[in-house]
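> prediction below, plus the sequence it came from.
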Amino acid sequence: MRATLAMMQSRLNATPYLLRLGRLFSETVLLEVDGAEYYLTFRDGRLDQIAEGPSRKTPWRFALRTDGDALAQFWQPVPKPGFHDIFGLVKIGRGRIDGDILCLVKNLRFFKDFMALARTRTEELA
């Protein structure tokens, strides 16, 4: 998981429209996968730090909690219905969003597109 997050970090840095979308986003987000916690600290739209948890001392603004299989299906090039979106994961009971939902909604496009950075691109499959 750590390698995937590092790859997403480098893809984010190479994606100008996402950096523009997130330029006002400076928060820590908790990503919990199968009970393993990853604290993603964003500064001005860039993923500044990836810290592994658990940690009761690390404050986070909102959390996305899911299981590894659901996340693997979410990261498919063309995900099945329900796995195509973070709210789709919640709707089918494979994910949960906690914390400051307003912060998430204000930065929804940025965060959803960031999470989709791990999807295998079609040019990478060839």
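Okay, I see it. Numbering: from 1, shown residues only.
> contact partners for residue 45?
If a contact means CB atoms under 8 Å, 6 or more residues apart in numbering, then residue 45 has 18-25, 110 as its contacts. The C-beta positions use only the backbone N, C-alpha and C, and glycine is treated the same way.
> top of these by number of neighbours, please.
For these, the largest number of neighbours (other CB atoms under 10 Å) sits with residue 22, at 24 neighbours.
> ok, that residue touching residue 107?
Yes - Residue 22 lies in contact with residue 107 (CB atoms under 8 Å); the separation is 6.8 Å.
> any idea how far residue 84 is from residue 53?
Taking CB to CB, to the nearest Å as the measure, residue 53 falls 27 Å from residue 84.
> neighbours around residue 77, how many?
When neighbours are defined as other CB under 10 Å, residue 77 has 10 of them.
> and it, that's in a strand?
No - counting by DSSP: H, G, I helix; E, B strand; the rest coil, residue 77 is not part of a strand but coil.
> once you drop chain neighbours, what's closest to it?
The spatially closest residue to residue 77, leaving aside those adjacent along the chain, is residue 120, at 5.0 Å (CB to CB, 6 or more residues apart in numbering).
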